[in-house]
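S.K.: Sequence first, predicted model second:
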Amino acid sequence: MNTEPSILEVKDLKIHFDTFEGTAQVLDGCSFTLGRGDTLGLVGETGCGKSITAKAILGLLPVPPTRIVSGEIRFHSRDLLDLSEKDLEKIRGNQIAMIFQDPMTYLNPVFSIENQMIDVIRGHARHANKTVSRGAAREKAISLLNAVNIPNPRQRIGDFPHEFSGGMRQRVLIAMALAGDPEILIADEPTTALDVTIQAQILRLIGELVERFRHSVLLISHDLGVVAAVCRRIAVMYAGNIVELTTIERIFENPAHPYTRGLLRSIPNLARRKENLVGITGSIPDFIEPPRGCRFHPRCAHRMDVCQKVKPVLADIESEHRVACFLYESSWPSASRPEERIKPLP
Amino acid sequence: QTLEIRDGKKILVYGARQPAPNIDPSQYYDWSTRMLQQSLYDALLKYVDSPPKVIPWLATNWEASPDAKVWTFHLVKNAKFHNGDPLTAEAVKFSFERTLKIKKGPAWMLLDVLTPEGIKVVDDYTIQFTLNQPYAPFETVLPWWYIMNPKVVMAHEKDGDMGQEWMKDGDAGSGPFKKKRWEHGVLYELEAVADYWRGWENPNHIDGYIFKLIREASSQRIAIQKGECDIVEGISPEDFDLVAKMPGIYVSNDPGLTTFGIKMNNQKGYTKDINIRKAICYAFDYDSLIKIYNGNAILEDSPFPIGLKGHISLKDKIYRQDLQKAKEYMEKAGYPNGGFELEYVYVQGLEEERKMGLVLIDNLGKLGIKVKMVPLTWPNMVARGSKVDTSPDMIAIFATPVFNDPDVVAYQYHKNSWGKYYGTAHYNNPEVWKLTEQARVIADFDERMKYYEQIQNMILEDAPEVFGMQYNRRWAFRDYVKGFVFCPMRFTGEIDMYPIYIQK
Amino acid sequence: MKFLEVHELSKHFALKKGFLSRSKGTVKAVRSVSFQVEAGESYGIVGESGSGKTTLGRTILRLITPTSGKIFFNGVNLCELDPEMLRRLRRDMQMIFQDPHSALNPRKTIIKSVGEPLVIHEHMRGRALRQRVQDLMEIVGLKKEHMYRFPHELSGGQKQRVGIARALALNPKMLILDEPTSALDVSVQAQTLNFLEALQGKLALTYLFISHNLSVIRYVCDRVAVMYLGRIVEEAEVNELFDMPLHPYTRALLSSVPLPQARQPDTKILLEGDIPSPVNIPAGCCFHTRCSEKIGPICTTQEPEAVSFSSNHRVLCHLRR
Amino acid sequence: MKQKSIPMYAEHANTSGFWTQWKEEHESFFRDVRLSFYLFSRSPLSLIGMVLVGAFFLIALIGPWIVPYPEDATGAVHMSQKLTAPGSQFWFGTDEMGRDVFTRVILGTRVSLKIGLIIICAAMGIGVPLGITAGYVGGWVNETIMRITDIFLAIPGLILALAIIGALGPGITNSMIALSLVWWPGYVRLVQGKTLSLKEESFIEAALSVGAGRARIIFLHILPNCTSPIIVKASMDMGMSILAAAGLGFIGVGAQPPAPEWGAMISIARNYLPNWWWYALFPGLAIFVTVLGFNLLGDGFRDILDPQSRGYYRE
Amino acid sequence: MKRYIIKRLLLIFLTLFGLITVVFLISRVAPGDPARLAAGPDATEEMVEVMRKEFGLDRPLIVQYLSYFKGLASGNLGRSIRTRHNVIDDLVQFFPATFELTVFSLLLAVVLAIPLGVLCAVYRDRFLDHAARVFSVSGMALPMFWLALMLQLFLALKFDFLPLGGRLGLLTEPPTKITHLYLVDSLLTGNWAVFKDALRHILLPAFVLCFPALASIIRVNRAEMLEVLSRDFIVSARAHGISKIRTIGQYALKNALIPTMTMIGLRYGWMLGGTILVETVFDWPGIGLYAVQSAVYSDFQPIIGVTLLIGINFMVANLIIDLIYGILDPRVRYE
Ligand SMILES: Nc1ncnc2c1ncn2[C@@H]1O[C@H](COP(=O)(O)OP(=O)(O)OP(=O)(O)O)[C@@H](O)[C@H]1O
Ligand SMILES: Nc1ncnc2c1ncn2[C@@H]1O[C@H](COP(=O)(O)OP(=O)(O)OP(=O)(O)O)[C@@H](O)[C@H]1O
Ligand SMILES: [Mg+2]
Ligand SMILES: [Mg+2]
């Protein structure tokens, strides 16, 4: 296991949404931990619940329609789910900061960068019961912009978001996230909206910052390459469940879960010559009537009868490698009887 | 709640529905304008009382030549204009000439008989009119020709307009009141001339009045009820009954000279046939006219209004509802079961005319005639009625004789009146026309009367229109307002404010 | 003559001109682009967003009129055709759109969308139409039941297949695929790529494959052109391009892609700054603002000309002269 | 392999009859309609709107057979019973000519329905083609159409309507003409905007690239996609045009006697306030309830037809 | 920016030109004979001719049309047959009343509606929200003239709470004319009694006039707030620890105000249209009443005048709104 003490622990998180067509059971018992200075990548296909997880940590989900059914999110042993909005405000940005996918939509278009950054900085100060003058806040903002390599921050700070290019905007968002000097940085697909050349710049920047400030990072992406470029550990999510949680090396060398394997075989590799892509048949299940048992079973080549009835638990198959699949003994819930163990399909 | 007293002055509020956009006596007259003109100006003669009579005013006495062609007037000596100028024969001459030259407003009354050359200043206080042709009703016209101060008027002349532009809102008069506050579309305030040349008979006379525009009949009623107005005109018949019973309010309710008739197109369409016209006259429910006015009206019994000089009662011949007869006439006309549609045109927004239309629909429906109600704005209606071809089958007309002489009404049936609003029937009876022409140049009234008797009978027989009713002139007063004398020779809503006084 | 030949093709857009106002400049989306595609080949075009890939595709299909240049398709110059002829020729050349969702009319069931070209060109209807659409659905791996659904009732990958089915309806010879997989998840993308490949073999199609995803291009294409600010800066046979990129931009692009493997290569060429706006294209070599291998003032003043490196490898750079 | 949660279809044998075939083909359509109904039924306000509008149509349809004194709406007068207070004989009292207010209010639905339908149809008839033309053809055609539209939009509709009526003369036909003339620009704007944005959608391009002609694009691709906003606007406008026509009736330039138009009734009833309050009260309530119904319905339609809000429910 | 304003003004002129043409064409459809009307009921043909000449009705249509523009250049809008005044003078006299009424009620609407809209969005689906929604749908369905009558009936008649109509009490002398807006003038001259009187008189008509506007602004503002509150940058503001009140009151509201402004601009125009009804009921001496009376009288010059004036007003208001956009939304560029 992780040697560093964990500062964030998500345990069996279940989140449902009430929609007009029924209850969407989006997160279905998702668990992982994040240690100090740890970098964890969360990958999965569109709509599998990555962003929901991130927002849940910060308490940003709109209350209707969201329903947090069960689970806990422990941050320094406090359960964030129990905190009041006021207490959460103190944690947000200050201790846990977030970077978002599309920097354009996540910056307020009608306020200047200066205004937005100063607000954030002074807000953090207020939560720490300090006051910062506008001027001081502005200076800090400029130095933050400098830290994220924005050229001429002193001139550009008064500009509005639309006057920046996509990459610049993402840098601004990162600067804002750094404003409170957080312990944890959650980056939700920070580069998806960017071109590869810009993406490379941003990834480099995040890498440098992490090295410099020793943040713990939760990086969300659907691109395994991106995660591989930044993270040490990786969690693979499928339809609201973490199906595999391990280190970067292990996931590429020895993927355990059939979904992970399928995923890896679906990605054409730039560095290699043509090889056959396999892909995974079928598509991501509906959340209103999710498949019973293992949610991956309708697409799984190794499915067994039990997969359709019982949900596998995420458990270690070796150190730092946890998988939720009945192909591995440890995933069997302790309650289920051995007779149910049926041989895998060929 | 009671009389408005400002700075110790008794200001009376008169609630009226019609604005007075132009108070130049040479340019404009309708009842609201005339009411203000009556206050601001004086004329040679004045109408008072009911039945109306002409009394001396600026003229102390006058004489006419036997052929009614030359008229001489002697003026009072102490009359003076608001600015202190004395009112002399020169001013009278100027005023008459001005109206005749401008050719607006009341000019039509004398345009045919008088030219500026015919006006002669005999001396400072004597003036003589020589008419182009004998015109017996001359003196009855004069109360509507006001005398203006030539100096004031001409001082404001612009581009040779004889001061028209200025006089719209200007005051060049000698009357008992003078202009104070003018807010067009809202109110006009006048104040009493303390040293009016004729003096004030009652020491409690009012010190001024506000002519306040209240456009809705119901608001008028509320205004008098709440005491926001001291006098109001034109309340709806229903409200009038309520108001009459209220404490602190009294009403005046007397028959006026305005007649309501439904003129039918005598020259074209179904109504060209006299039988149809008679059928309609017999089918009409005259009682409902009275009911519409809640009893505050009388039915006409002759083509001439009751109360007008020269009117005779034709009670036995006048049409009253008789469906039997109506059907007979329909048969005679060849339409025993009706089966056609007639247009009833009336003035947009005139409540009573609308109601008459509804009554017509109901009544004529019994003859199988459909009625289509067409409201038009006044100018459009007049425009339609001006030509035989476009003149509607039926058209609702209120007509008020402007001066007290039978010629006024008789002439409405003359060919020369075709195209005017009261001539929309295009009445065609050359005999009547001849009689009218002959009668107006005779000086002796008894002699003339013979003609008018004949004329009334002949018109009635031709049934050019549905002869309707004369409604009562209705005012409501707060009970401290005194001195009101009814005179039917005023148009509709106007009253003479000069004799009004306050007594608590 | 090759199957498709594009000569000096340019497309400029005048920026929106309002009533009573002057034009605010032109977007030079495609600038003097020339290339040739052989029958049965997969020709890839890569480039960052805004580099003019889609515009190029639309211009070739004559959905928009080029500003200048010539397009020969099967020896016919598309720029000189009258609209009726063009309409007929379009049967041979179809496009698959970037966003599978917006490429389908939300108010029409799938059978109507797929059947539309058949109704227009073959005047098919009734049973025949239904049968043909059903066949098409089978080709692209969809079921009969999908025919009567609305687009919003299908998943992204299915919608993309519907788009392909529509494009195939008229038996085209060439498909222009505008980022056919960029809206899809990797697992679905893999299915689609495999399917496209199989399809090409089966129907002898020529592909013009537009993408910004270099890995996909490498997987699918035979030859590749790299676009930057409306120009093709490098063109080569696929393996040659990926193994031996010559243009500094291509090299930076290739090294920017994070690889799905545990050990990332250490040598990364990072480009500075952003892609310039196509309204104000830098003078000289349009890449000089970001280039780390500038060789001198020539780069900022003189526009480079295409240099052929080998028979199949062209590059637009002063460095390689 | 189980697909999304969309219900599976029964496998049909080829022998299935025409009916099953038809049902299969339209299954999606019905599912869509069912969903719309479902969404609609979830919103009580929309349901109220539906009920009100339904009642309105029903009353307009059967009005003459349910009122106690149908002749009172066509010209009968009963002077002897004028201004009777509401009671068992006259539920809403009588008016100044002794006519039953209840009868007239009920039969007023027909007048209002006619007014609303004609105005909306005329406005759509002018506005939709112009809007599509402007949006689709673009260039100077667009400029010309939109500038003319701007002229009409430059002043509030009621004023322009008043000016037109001032010229044409009062009357219900003229006020319908006037209101139609001021109502169309809204549709031009709506449809033009929608067309412009649809034109950018790639399915239009896709249709072009498979060789669809102009007419086909307009009628089969653009128009059907404009219908939702048009329906929403039309149902809102239905109420608004009834309101506007009543306003004109109130000023006295709209419907003319003896037509039982609500606004005109209030205009006359105004003279009988406050003592004969029932005369003004009931027609006013009728307008209110009717317009409210259409507004609620329009709101409901917006919620279910507007793809954006629909998306919100669906996701 | 300057260029933009000039361009917009030019556009306004062009539109006005079209407007005049349209209204002029409409006006000549009228069958009536205005000259006869002006001459009075008993006038002779000769007198009618005099009037025809005076009103310029004897010239061919095209000449009348062209000379209208000539007159327009020198501020002459022709003459009203009904009031006998130059239309321009009438407008100068009546417009301030209308302007005072509309602006007052627009302010009333804005001041009430925006906080309400925000509250509804924040307390979505709670009681306040439902109440406000019911209020706003019914607000738009209420016939304005009927509401006016009913309020008159209750507030003015039954309880004698507010005056029935008019701009001032009868004996209240209007304040010294500075802006011609009684409320402003009386304040400027420190005339409290007149101010109170004017306020009492304006309350009822202004309330009636603002009712539909109130309803629709609440609606738009609520919808926009909801939309903005669901946008990503709100999430990010909160993720950066900015307090809820600040997020709503500042970050979201400024965004939501942008579409709301459009509605406010539109509503200003509708209110000007609504004055036709409200001024009629409350005897408010403004251009709405003037227009109605002119229309009923088939007096066309005033109608053209009012149409132009309201058109200018509406377009200038929209221009101002567009400029406010620029303040609210930095993305807007004026070119
Ligand atoms: N407010 C909501 N109501 C209903 N369902 C929702 C809501 N928000 C999210 N969902 C559903 O939750 C699921 C997970 O959403 P989430 O945003 O976490 O996906 P993601 O993994 O971040 O995907 P992407 O890669 O596209 O960002 C999706 O299927 C989405 O439809
Ligand atoms: N109709 C148009 N009017 C004006 N500019 C346009 C138009 N279409 C495209 N452009 C501009 O032309 C340039 C090239 O656009 P294009 O869509 O071809 O890029 P792309 O390479 O396909 O980008 P992406 O990868 O984002 O799809 C862009 O700057 C775009 O803004
Ligand atoms: Mg996400
Ligand atoms: Mg593109």
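M.R.: Yep, that arrived. Ligands and ions are numbered 1, 2, ... in the order given.
S.K.: average pLDDT across stretch D:292-308?
M.R.: Across stretch D:292-308, pLDDT averages out at 79.
S.K.: If you drop the residues flanking it in sequence, what lies closest to the residue most central in space within chain E?
M.R.: Closest residue to the average C-alpha location of chain E: E:Leu272 at 2.5 Å, with C-alpha atoms, centre = their mean. The spatial neighbour of E:Leu272 that comes closest, neighbours along the chain excluded (C-beta to C-beta, 6 or more residues apart in numbering or on different chains), is E:Ile310 at 4.9 Å. For the C-beta atoms, the positions are set from N, CA and C on the backbone; glycine is no exception.
S.K.: residues near the one you found, how many?
M.R.: 27 (other C-beta atoms under 10 Å in any protein chain shown).
S.K.: Roughly how far does it sit from ligand 1?
M.R.: Using C-beta to the nearest ligand atom, to the nearest Å, E:Ile310 is found at 45 Å from ligand 1.
S.K.: Packing partners of the host helix or strand of that residue?
M.R.: According to DSSP states H and E, E:Ile310 maps onto helix E:300-328. Secondary-structure packing of helix E:300-328 (3 or more C-beta pairs under 8 Å, 6 or more residues apart in numbering or on different chains; DSSP states H and E): helix D:157-168, helix E:2-27, helix E:87-122, helix E:253-282, helix E:287-296.
S.K.: Okay, buried residues for stretch E:195-203 please.
M.R.: Within stretch E:195-203, the residues that count as buried by 16 or more other C-beta atoms under 10 Å in any protein chain shown are E:Phe195, E:Asp197, E:Ala198, E:His201, E:Ile202, E:Leu203.
S.K.: Let me fix that, I meant to ask about stretch B:119-127.
M.R.: B:Ile119, B:Val121, B:Tyr125, B:Thr126, B:Ile127.
S.K.: same deal with stretch C:250-265?
M.R.: For stretch C:250-265, by 16+ other C-beta under 10 Å, it's C:Thr250, C:Arg251, C:Ala252, C:Leu253, C:Leu254, C:Ser255, C:Ser256, C:Val257, C:Pro258, C:Leu259, C:Pro260, C:Gln261.
S.K.: And the first one, which helix or strand is it part of?
M.R.: According to DSSP H and E, C:Thr250 maps onto helix C:248-256.
S.K.: Please pull up the helix or strand immediately following that helix.
M.R.: Following helix C:248-256 toward the C-terminus (DSSP H and E): helix C:297-301.
S.K.: angle of the top helix by length along chain A against helix C:248-256?
M.R.: In chain A, with assignment by DSSP state H, the single longest helix is helix A:196-213. Computed with axes from the mean of the first three to the mean of the last three C-alpha atoms, to 10 degrees, the direction of helix A:196-213 lies at 50 degrees from that of helix C:248-256.
S.K.: is any part of helix A:196-213 close to ligand 2?
M.R.: No - Helix A:196-213 lies out of reach of ligand 2 by C-beta under 6 Å from any ligand atom, never closer than 11.1 Å.
S.K.: and that helix, anywhere near chain C?
M.R.: Yes - contact of helix A:196-213 with chain C (C-beta under 8 Å from any C-beta of the partner chain) involves A:Val196, A:Thr197, A:Ile198, A:Gln199, A:Ala200, A:Gln201, A:Leu203, A:Arg204.
S.K.: Let me have the buried residues of stretch C:250-265 in a markdown table, extended by distance to B:Lys263 and pLDDT.
M.R.: Below are these laid out as a markdown table (distance: C-beta to C-beta, whole Å; pLDDT from 0 to 100):
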| residue | distance to B:Lys263 | pLDDT |
| --- | --- | --- |
| C:Thr250 | 97 | 91 |
| C:Arg251 | 101 | 90 |
| C:Ala252 | 97 | 90 |
| C:Leu253 | 94 | 90 |
| C:Leu254 | 99 | 89 |
| C:Ser255 | 100 | 88 |
| C:Ser256 | 95 | 88 |
| C:Val257 | 96 | 87 |
| C:Pro258 | 97 | 87 |
| C:Leu259 | 101 | 85 |
| C:Pro260 | 99 | 83 |
| C:Gln261 | 104 | 83 |
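S.K.: Serialize the residues you listed to a markdown table and add fields for distance to ligand 2.
M.R.: Listed next are the buried residues of stretch C:250-265 as a markdown table, based on distance: C-beta to the nearest ligand atom, whole Å:
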| residue | distance to ligand 2 |
| --- | --- |
| C:Thr250 | 16 |
| C:Arg251 | 20 |
| C:Ala252 | 17 |
| C:Leu253 | 13 |
| C:Leu254 | 17 |
| C:Ser255 | 20 |
| C:Ser256 | 15 |
| C:Val257 | 15 |
| C:Pro258 | 19 |
| C:Leu259 | 21 |
| C:Pro260 | 22 |
| C:Gln261 | 26 |
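S.K.: rewinding a little: following the chain past the longest helix of chain A, name the next helix or strand.
M.R.: Downstream of helix A:196-213, the next assigned helix or strand under DSSP H and E is strand A:216-221.
S.K.: Let me know the angle separating that following strand from helix A:196-213.
M.R.: 170 degrees.
S.K.: What is the subsequent helix or strand relative to strand A:216-221?
M.R.: With DSSP H and E, the next secondary element past strand A:216-221 is helix A:224-230.
S.K.: Just the residues contacting that next one, thanks.
M.R.: A:39, A:41-43, A:191, A:199, A:203, A:206-207, A:210, A:217, A:219, A:221, A:234, A:248, A:252, A:263-264, A:267, C:257-262, C:264 (C-beta atoms under 8 Å, 6 or more residues apart in numbering or on different chains).
S.K.: Then stretch E:104-112?
M.R.: E:183, E:202, E:205-207, E:209-210, E:213-214, E:217, E:264, E:267-268, E:271.
S.K.: With just CA atoms, put stretch A:294-312 into PDB.
M.R.: Extracted as PDB, the C-alpha positions of stretch A:294-312 are listed here (Å, rounded to 0.1, in the frame of the first residue of the first chain):
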ATOM      1  CA  CYS A 294     -20.900  -6.300 -12.500                       C
ATOM      2  CA  ARG A 295     -21.800  -3.300 -14.700                       C
ATOM      3  CA  PHE A 296     -19.300  -4.400 -17.300                       C
ATOM      4  CA  HIS A 297     -20.700  -7.900 -17.800                       C
ATOM      5  CA  PRO A 298     -22.800  -7.200 -20.900                       C
ATOM      6  CA  ARG A 299     -19.600  -6.200 -22.800                       C
ATOM      7  CA  CYS A 300     -17.300  -8.600 -21.100                       C
ATOM      8  CA  ALA A 301     -15.800 -11.500 -23.000                       C
ATOM      9  CA  HIS A 302     -15.200 -13.400 -19.800                       C
ATOM     10  CA  ARG A 303     -18.500 -13.000 -18.200                       C
ATOM     11  CA  MET A 304     -19.800 -15.700 -15.900                       C
ATOM     12  CA  ASP A 305     -23.200 -16.300 -14.400                       C
ATOM     13  CA  VAL A 306     -22.200 -14.700 -11.200                       C
ATOM     14  CA  CYS A 307     -21.200 -11.500 -12.900                       C
ATOM     15  CA  GLN A 308     -24.900 -10.900 -13.700                       C
ATOM     16  CA  LYS A 309     -26.000 -11.300 -10.100                       C
ATOM     17  CA  VAL A 310     -23.300 -10.100  -7.700                       C
ATOM     18  CA  LYS A 311     -21.200  -7.000  -7.700                       C
ATOM     19  CA  PRO A 312     -17.500  -7.600  -7.400                       C
END
